[in-house]
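Asks: have a look at this prediction, sequence included:
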Amino acid sequence: MLKLPETLRENVRLLGELLGETIHAHEGADLFDKVEGIRKLGKAITRTDNGDSAPLVTLLGELGDADILPIVRAFNQFLVLTAHPTEVTRRTLIRKYDQIVDTLADRQNGSLLTFEQDKLRGRLHRLVEEIWATDEIRTTRPTAIDEAKWGFAVIENSLWEAVPDFIRHLDRLSKRHLDQPLPIDVQPFKFFSWMGGDRDGNPNVTHKITREVLLLGRWMAAELYSRDVYSLGGDLSMSEATDELRKLYPSPTPYRDAMYTLRKRIQATLEWAEARLQGRVVEAPEDLIISREDLLEPLMVCYKSLNEVGLPHIANGPLMDTIRRIHCFGINLVPLDIRQDGERHVKAIDELVAYLDLGNYAEWSEEERQAFLLEQLSSKRPIMPIKWPVSDDTAEVLATCRVIANEPREILSHYVISMAQQPSDVLAVALLLKECGMTWDMPIVPLFETLDDLDRAPVVMDRLWNLEWYQKYSAKDQTIMIGYSDSAKDAGKFSATWAQYKAQEKLVALADKYEVSLVLFHGRGGTVGRGGGPVEKAMASQPPGSIHGRIRVTEQGEMIRYKFGLPRVAFSSLSSYVVATLRATISPHDAPSPEWRDLIERMGAASLEAYRSVVRGHEHFVPYFRSLTPEQELSLLALGSRPAKRKSTGGVESLRAIPWVFAWTQVRLNLPAWLGARQALEYALQHEPKTLADMVSNWPFFSSFLDLLEMVIGKADGPICTYYEQQLVPAEYHGLGKQLRDDLKALELLINSLKKQDILLKDEPLLRQSLEVRKPYVDPLNYLQAELLKRYRSSETISPDLERALKVTMAGIAAGMRNTG
């Protein structure tokens with residue numbers, strides 16, 4: 001059996017010991033004994049599929065609400081202190097966890113004196129006590145502004161150092177292996193955000209929020225650059241300089257003068273942005289920074305001078321790091337994407353057409369819509385009146401377009417259209433932007449999400465790229481977003497994954513035909529059910545020719561924290577992306593053979609039928625889902641600014657992908673990531689077993705999918721799901737539950753058979769060990785959550801302790817499973 005590294009094992013032991021001491025001190029020995037009793041009973045149940053749960057049920061039933069809260073908190077902290085904080089964790093606690101990580105690292109210094117060791121242990125004990133005394137659950141839902149601030153904090157605390165460090169490392173590799181340095185303006189990666197820009201189904205993101213987030217980004221960037229330039233002023237004390245620099249700054253310390261002058265300009269920008277954020281109406285200063293060139297110009301003069309006077313080590317030190325930060329982060333840290341549902345644009349154009357007595361746009365054919373939109377886009381005259389009666393929804397769409405039109409080009413990225421279905425969806429956005437005063441051609445990105453949308457995507461783009469007007473607008477540079485979450489929820493993970501692959505293949509071929517430079521934007525979530533997974537496997541499984549040195553992906557929620565939250569972790573993640581992108585570009589895998597393609601097409605059909613027969617066709621599915629999982633209670637947990645549903649009414653189909661996945665993850669069934677896969681594999685084994693074996697061995701796309709499937713099944717737990725069912729689900733729905741768990745077990749056996757192994761994750765010992773380490777702490781949280789849900793649903797009055805305890809279990813299980821969805 002694989003053992004944990006000695007240092008990690010020691011850290012886990014130490015933190016557990018300190019938390020135990022804290023619980024003893026604050027809650028008493030009796031409560032700690034109960035915690036241990038619950039952990040042991042839970043462990044006994046999960047050793048076998050038919051473990052006796054009666055003793056645990058009895059014990060949990062006897063706990064009072066006041067007792068159950070500290071017990072839940074204890075398991076939650078044992079978990080987080082030995083695993084990793086997630087996005088459901090409050091930022092207050094994340095900072096404390098980061099301090100624990102730093103302190104544990106300091107303890108590895110072999111030359112520490114005894115008093116220094118004692119001091120570090122004392123710091124750890126203090127941090128653990130601070131964490132125990134802090135409410136781990138947000139009391140209010142974060143706003144879009146809060147989310148944007150959290151994103152900026154990741155840049156400030158991690159990426160600000162990791163990005164120049166990584167580029168410096170890449171530069172050394174380039175010199176060593178290619179015998180040439182990287183250009184100083186190299187940008188191996190760009191960061192974008194839609195925190196504060198994504199209004200798809202989120203009424204909390206308005207044009208005012210977008211304007212504030214853009215301002216906040218400019219303020220934060222000015223603050224960080226001000227610190228850099230102040231530090232450079234201290235470093236660059238030398239006097240030897242080129243005539244060019246001396247003419248600009250005629251003094252004995254020209255570099256310092258350059259930094260002083262630039263910092264004054266940055267400070268003026270900072271004060272202007274701060275005043276605007278406070279709601280004060282102020283004139284923009286004459287020297288307001290509006291582009292990265294405003295920052296780069298004086299720094300590049302200094303850089304050039306230092307090199308020319310023979311001081312290259314100084315030139316290539318912190319000064320070069322700051323220059324590279326400017327190239328990467330610009331004047332607002334992350335250019336903002338705007339995202340809106342395509343129906344909102346249709347409604348806006350429909351209202352305009354109706355007001356002008358031109359007809360009924362909503363009822364026009366696609367050809368009629370295109371003809372109208374192209375005529376208006378080609379006209380020099382505006383069609384939109386200065387003032388006209390509009391609905392609140394349309395007023396907001398237009399206000400957003402005006403905000404975009406009034407901002408510097410550099411701080412904006414793309415306009416993403418959710419549920420894009422026709423070329424007119426793209427043209428409609430272009431017209432709305434034009435009529436609202438846009439002076440540049442903002443890239444418009446259609447997002448193809450459902451199974452039907454993915455199948456239709458090549459036809460839509462063929463018609464769009466065939467339009468002469470759009471060819472000029474896009475300058476033959478196109479980004480297309482592939483939706484993973486909604487397609488998987490619509491069709492099941494297996495069918496959706498194959499549909500995404502086919503759509504990308506066709507779009508790449510089409511782009512080559514039109515000589516369009518195509519970037520595929522992968523809308524991946526944190527979980528496998530939403531397109532997540534290790535980046536190396538994701539890149540290796542892309543269709544050949546689909547990357548071409550460029551790829552764009554989303555990193556969401558706790559994955560941002562997990563991959564970029566600490567400088568060393570961020571460095572490793574950036575390295576993984578660059579290596580995987582280079583490998584996929586230089587050595588792409590061959591396209592699937594006709595035999596593989598034919599078989600997986602039929603497997604996809606079998607999977608789709610199986611998936612939809614349950615999710616859409618089984619009469620008990622919705623009531624089973626809602627009684628088994630905490631889906632109805634998720635609103636208690638302030639996960640983010642977006643509502644759980646796109647619309648206030650509707651069933652599972654209206655539920656967002658994140659709560660859909662979150663709910664199934666909480667009960668350890670992980671259904672969205674595997675439902676339908678059993679039937680696909682069984683079909684192949686029955687009809688073409690040799691072809692299936694060939695696919696497993698030789699097709700990276702398919703083998704990567706199986707690896708992700710194996711990981712998801714490894715995290716699932718049938719006995720725990722059975723426990724939820726026994727406690728919460730009416731007996732008439734138990735048959736469906738057994739069917740689903742039987743599917744899961746059969747799929748586990750199929751995976752092991754195909755991979756010729758006797759246990760899951762045999763080739764992933766570190767992951768298997770990680771799951772085993774967390775299991776004794778996660779499992780009790782599940783049993784406690786089932787008991788709490790039973791009480792919550794049956795109580796006429798809900799005690800604050802009961803509600804808080806339920807929320808703590810949600811956060812703890814999400815942390816233990818390493819994702820919220």
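Replies: Received, thanks.

Asks: can you give me the neighbour number for residue 114?
Replies: 7 (other C-beta atoms under 10 Å). Quick note: C-beta positions are derived from backbone N, CA and C, even for glycine.

Asks: ok, now which ones touch it?
Replies: Shown in contact with residue 114 (C-beta atoms under 8 Å, 6 or more residues apart in numbering): no residues.

Asks: who's in contact with residue 166?
Replies: Neighbours of residue 166 in contact, by C-beta under 8 Å, 6+ apart: 188, 571, 574, 575.

Asks: give me the secondary structure label for the third one.
Replies: Remark: residue 574 carries the secondary structure label helix [criterion: DSSP: H, G, I helix; E, B strand; the rest coil].

Asks: those strands in the stretch 451-600 of the chain, which residues are they?
Replies: 477-483, 517-523, 552-553 (DSSP state E, counting those that start in this stretch).

Asks: quick one on the thing from earlier: which of the contacts of residue 166 are buried, as a ChimeraX select command?
Replies: Burial among the contacts of residue 166 is assessed by 16 or more other C-beta atoms under 10 Å; the matching ChimeraX selection reads:
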select :571,574
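
Asks: picking up where we left off before, which of the strands of the stretch 451-600 of the chain sits closest to residue 583?
Replies: strand 552-553 (15.5 Å; C-beta to C-beta).

Asks: pull up the pairing partners for the closest one, direction included.
Replies: strand 517-523 (parallel) (DSSP bridges).

Asks: angle of the partner strand against strand 477-483?
Replies: 20 degrees (axes from the mean of the first three to the mean of the last three C-alpha atoms, to 10 degrees).

Asks: any idea of the mean pLDDT for strand 517-523?
Replies: Averaging pLDDT along strand 517-523 yields 92.

Asks: can you redo the contacts of residue 166 as a markdown table with pLDDT?
Replies: Formatted as a markdown table, these follow (pLDDT from 0 to 100):
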| residue | pLDDT |
| --- | --- |
| 188 | 92 |
| 571 | 94 |
| 574 | 93 |
| 575 | 93 |
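
Asks: and the contacts of residue 166, which two are furthest apart?
Replies: Going by C-beta to C-beta, the pair spanning these furthest: 188 and 571, at 12.5 Å.

Asks: hang on, the earlier thing: could I get the strands of the stretch 451-600 of the chain as TSV with distance to residue 725 and mean neighbour count?
Replies: Putting these into TSV (distance: least, C-beta to C-beta, whole Å; neighbours: other C-beta atoms under 10 Å) gives the following:
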stretch	distance to residue 725	mean neighbour count
strand 477-483	32	21
strand 517-523	33	20
strand 552-553	36	18
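
Asks: among those, which comes closest to residue 619?
Replies: Using C-beta to C-beta, the nearest of those to residue 619 is strand 477-483, at 28.7 Å.

Asks: kindly export that closest one (C-alpha atoms) in PDB.
Replies: What follows is strand 477-483, C-alpha atoms only, in PDB (Å, rounded to 0.1, in the frame of the first residue of the first chain):
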ATOM      1  CA  ASP A 477     -10.100  35.900 -36.300                       C
ATOM      2  CA  GLN A 478     -12.700  33.900 -34.400                       C
ATOM      3  CA  THR A 479     -13.300  32.500 -31.000                       C
ATOM      4  CA  ILE A 480     -16.000  29.900 -30.500                       C
ATOM      5  CA  MET A 481     -17.000  28.700 -27.100                       C
ATOM      6  CA  ILE A 482     -17.900  25.000 -26.500                       C
ATOM      7  CA  GLY A 483     -20.200  24.400 -23.600                       C
END
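
Asks: contacts for it, please.
Replies: 414, 416, 443, 445-450, 453-454, 457, 461, 465, 500, 503-504, 507, 511, 516-523, 552.

Asks: repeat that for stretch 255-264.
Replies: Here stretch 255-264 has contacts from 226, 229-230, 232-233, 236-238, 241, 245, 248-249, 251, 295, 298-299, 301-302, 305-306, using C-beta under 8 Å, 6+ apart.

Asks: out of those, which are inside helices?
Replies: 226, 229-230, 232-233, 245, 248, 295, 298-299, 301-302, 305-306 (DSSP state H).

Asks: out of these, which are buried?
Replies: 226, 229, 232-233, 245, 248, 295, 298-299, 301-302, 305-306.

Asks: quick one: list the elements packing against the helix or strand containing residue 352.
Replies: Using DSSP states H and E, residue 352 sits within helix 342-355. In terms of contacts (3 or more C-beta pairs under 8 Å, 6 or more residues apart in numbering; DSSP states H and E), helix 342-355 is packed against helix 392-405, strand 412-418, helix 423-435.

Asks: pull out the buried positions in the longest one.
Replies: Buried residues in helix 392-405, counting neighbours by 16+ other C-beta under 10 Å, are found at 394, 396, 397, 398, 399, 400, 401, 402, 403, 404, 405.

Asks: was I right about residue 354 contacting residue 364?
Replies: No: at 11.7 Å, residue 354 does not count as touching residue 364 under the criterion of C-beta atoms under 8 Å.

Asks: which one's more surrounded, these two?
Replies: The residue with more neighbours, out of residue 354 and residue 364, is residue 364; 18 against 13, by other C-beta under 10 Å.

Asks: which ones are touching the more buried one?
Replies: residue 372.

Asks: and it, its phi and psi?
Replies: Main-chain torsions, residue 364, degrees, to the nearest 10: phi -70, psi 150.

Asks: so which residue is dead centre in this structure?
Replies: For the chain, the residue sitting closest to the mean C-alpha position, by C-alpha atoms, centre = their mean, is residue 556 at 1.0 Å.
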